[in-house]
Structures are given as C-alpha cells and as structure tokens.
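Q: Would you be able to build a 3D model of this:
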Amino acid sequence: MFLVAMVSVGCVEQLADCLTASGLVLQLTQLAPGPLDSGLQLVRVGPLLLLRARLDRQLHVVGPKLLGHQILALDLAARPETGSCRSHGTVLPSTAVFGLASDGDVHLTTADRSDLVLVVLDQGRFLRLAGGLGWVELEEQGFAANWLQVEAVRFARVRSYLRQLFALAEANPGLLTEPGMARLIEQDLLPLLVEALAQGSAARLDRPPARIELVKGAQDWMHRHPDLPITLEELCRQVHASRRSLIQGFSEHLGMGPMAYLKLQRLHAVRRLLLAADPGRTTVATVAVRFGFLSAGHFSRDYRCLFGELPRQTLATRLRVT
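A: Got it, this is the predicted structure:
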C-alpha cells in the first residue's frame, strides 16, 4: 500500500479533519493568536504511516490514542535551549521521542513553532521487531513513562533519515512505489528508532507535575459543557480546587488562566459551527450568544485576533475538508 498526501493547513479544523481521516481523532485548540499557516504531509508505505505536521502556532492537543498501534513522535524543530513540547504537564527534552505508552490519552502542548513527526504501525509488529533486535522488555522498561530522551547523535540520525524520507516523498513520490521500497524503509527506519530508544534515558518521574490532574479535570468539565455558563468559582467546585491552585495549574501547563482557556475553547466552538452553517439560515450573533459572547464588538475583536478573520468571513467561506 502506498499513499502520499500534502495539504496546506489554514486552520485547526482542517488539521483535525486530516488527522481524523488518518485514524487520529483528536481535539485541537489554537493557543497563540494569528491565522494558522501550516502544512501536513502524510506518507503511507506498507505497514507504516508517517505523518509530518509543520506548525507555526502553539496548539493544545487532547484525545484518545490509536488502539492497537504503536506511535513514536518527535519534534524535528526542537532546540536544546528551548526544549520541545509539553506532554501531560512535563516539558520534554529537545531529543525526546514521546507518545510511547499504548494506554492513556494524548495531552500535548506544542512549542511556538513545531515540526512534529509521528511514526505509526501495528503494535504487535513493532514489539516483535524490537524483540528481534534484543530489546525484549521494551514495554516494561522503555515505555512505562511515555517518553524517552534519546542520545543526541542517535536522535540526529533518526531526524536526518525522516527529513530525507519526507523530502523524497515530496520531490519524487513515484520512487516510493518501486518494488521492495516499503520493506526497505521499514528495515531502515524501525531499527534506527529501536536502537535510539534502547540507548535512551527513561523518564522516571516520582510524581506527576504539580496540578496537572486539576488542569485535566477542568478541561474535561469545559469540554462536556460547551455552551453552559461557567464561572471560575463553579470550575473550582467541580474539580475540588482553590482558585489559586487552578489558576497556577493552567498558567504552568498552558500559559494562561482557566477562563482565558475557556474563551479559546468557545471561540473554536463558534468557528466550527460557522464553518458548517448555512449563511442564509444562520447569523453570527445567534451562534456567538449561544456560547456566551454577549458583546458583539468584543466577540468580533477576540475572534479576529485568534483566527485572523472576522466571524462573518468564516460564515461566508463555509470551509469544508474532504
């Protein structure tokens, strides 16, 4: 099986739809203001799904993992002085390979600019390969903490191979259809990854980062009540936390307070409805009020700041991703 797809992504809704089409059902929230101008590249060769997302805005990603599959993710753009993404509240080293644990969920905040690559394949196949290469206790020893810090030289080898592979897929995709190419890529890439992981440093955390579970609980409450009026006091009651703890938790892990995050969530909810609505039967004001935006002027300003366009422009566009 062979597939190469390259998509220019202009909003997180497009990106989420593309990920869903590849089997990854995730909720994306744009945290940094300004129109998203990014690209998604998908390469499927044989049993491997390789996905590259180049992002020019900070995003927050939550959702379930792909059952029965092994995911290995890394940020090709991460720099040692800035670190990489934040996973479940932990700032990852620039040479981290993450998303390794097969259970649990995705809770990821990207860097300001990221070049994320996901390698996805059947978990049983990957474990058999790792065992054949001598790493028979991979699940217990390597993936217990969801990420590993890879030695810099080995990480550079993996990064170089992936960059060359994606460049080849873009410049000469037909070459990937040559007989035996899928098997060659699998035999080259997977041992390279297993070797890097086997020599990596496991992330042994004595306890989760402070207040991350409070943040997750508050986010879950927000997501399950998308158009219910929510106050900070009510949010604190729901997660059994003080105002100070909840505010500090969101500030540490998302760079903003809980109510600022709630506003972003609801601006995204408005956008999703506007993108799907019939302009002849829907008004911006009706949708905005549904999600608690009572001041038309303030709402339009905040919407334009986040997405780079006015809500009426979104409604007129009715962007659809197929």
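Q: Run through the helices of this protein in chain order.
A: Taking DSSP state H to define them, one finds helices in the chain at 12-21, 123-132, 152-171, 181-198, 212-224, 232-239, 243-254, 258-276, 284-290, 296-307, 311-317.
Q: which one of these lies closest to Q41?
A: helix 152-171 (5.7 Å; Cβ to Cβ). C-betas here are computed from N, CA, C, even on glycine.
Q: sorry, back to before: for the helices of the chain, give me TSV that also has distance to M6, mean neighbour count and mean pLDDT.
A: Shown next, in TSV, are the helices of the chain (distance: least, Cβ to Cβ, whole Å; neighbours: other Cβ atoms under 10 Å; pLDDT from 0 to 100):
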stretch	distance to M6	mean neighbour count	mean pLDDT
helix 12-21	11	19	91
helix 123-132	26	16	86
helix 152-171	6	16	94
helix 181-198	18	17	90
helix 212-224	31	18	94
helix 232-239	41	15	94
helix 243-254	30	18	94
helix 258-276	22	19	95
helix 284-290	32	17	95
helix 296-307	23	16	96
helix 311-317	22	17	92
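Q: Dump those helices into a markdown table; add distance to L42 as well.
A: Below are the helices of the chain laid out as a markdown table (distance: least, Cβ to Cβ, whole Å):
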| stretch | distance to L42 |
| --- | --- |
| helix 12-21 | 8 |
| helix 123-132 | 19 |
| helix 152-171 | 9 |
| helix 181-198 | 14 |
| helix 212-224 | 27 |
| helix 232-239 | 37 |
| helix 243-254 | 28 |
| helix 258-276 | 22 |
| helix 284-290 | 32 |
| helix 296-307 | 24 |
| helix 311-317 | 24 |
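Q: Figure out which of these is closest to L66.
A: So among the helices of the chain, helix 123-132 is nearest, using Cβ to Cβ, at 9.3 Å.
Q: What is the closest one packed up against?
A: Helices and strands touching helix 123-132, as assessed by 3 or more Cβ pairs under 8 Å, 6 or more residues apart in numbering; DSSP states H and E, comprise strand 69-75, helix 181-198.
Q: beta partners of L50?
A: Beta-bridge pairing for L50 (DSSP bridges): V43, V119.
Q: what about it, neighbour count?
A: Per other Cβ atoms under 10 Å, the neighbour tally for L50 reads 21.
Q: same thing with D105?
A: Neighbours of D105 using other Cβ under 10 Å come to 13.
Q: now swap in the one 4 residues further on and tell me
A: For T109, the count of nearby residues is 20 (other Cβ under 10 Å).
Q: Spit out the contact partners of it.
A: 31, 58-61, 85-86, 253-254 (Cβ atoms under 8 Å, 6 or more residues apart in numbering).
Q: Domain map for this protein?
A: 2-202, 212-317 (automatic domain parsing).
Q: Dead centre of this structure: give me the residue that sits there.
A: Among the residues of the chain, V61 comes closest to the average C-alpha position under Cα atoms, centre = their mean, at 4.2 Å.
Q: Against A73, how distant is that one?
A: Distance check for V61 against A73: by Cβ to Cβ, to the nearest Å, it reads 10 Å.
Q: now stretch 291-300, how far from the chain's geometric center?
A: How far stretch 291-300 lies from its chain's middle: 28 Å, per Cα atoms, centre = their mean, to the nearest Å.
Q: whoops, I mixed them up, stretch 65-72
A: That offset, for stretch 65-72, works out to 14 Å (Cα atoms, centre = their mean).
Q: Start the count at 796 instead of 1 going forward.
A: All right, first residue 796 from here; so that's stretch 860-867.
Q: ends of it, how far apart?
A: Start and end residues of stretch 860-867 are separated by 12 Å (Cα to Cα, to the nearest Å).
Q: contacting residues around it?
A: 818-819, 892, 894-901, 913-919, 921-922, 988, 992.
Q: what about it, average pLDDT?
A: The average pLDDT for stretch 860-867 rounds to 91.
Q: Show me what counts as buried in that stretch.
A: Using 16 or more other Cβ atoms under 10 Å as the test for burial, stretch 860-867 gives 860-861, 864-867.
Q: how near is the residue nearest to S879 when sequence neighbours are not counted to V912?
A: In space, and not counting its chain neighbours, S879 is closest to A873: 3.6 Å by Cβ to Cβ, 6 or more residues apart in numbering. Counting by Cβ to Cβ, the separation of A873 from V912 is 11 Å.
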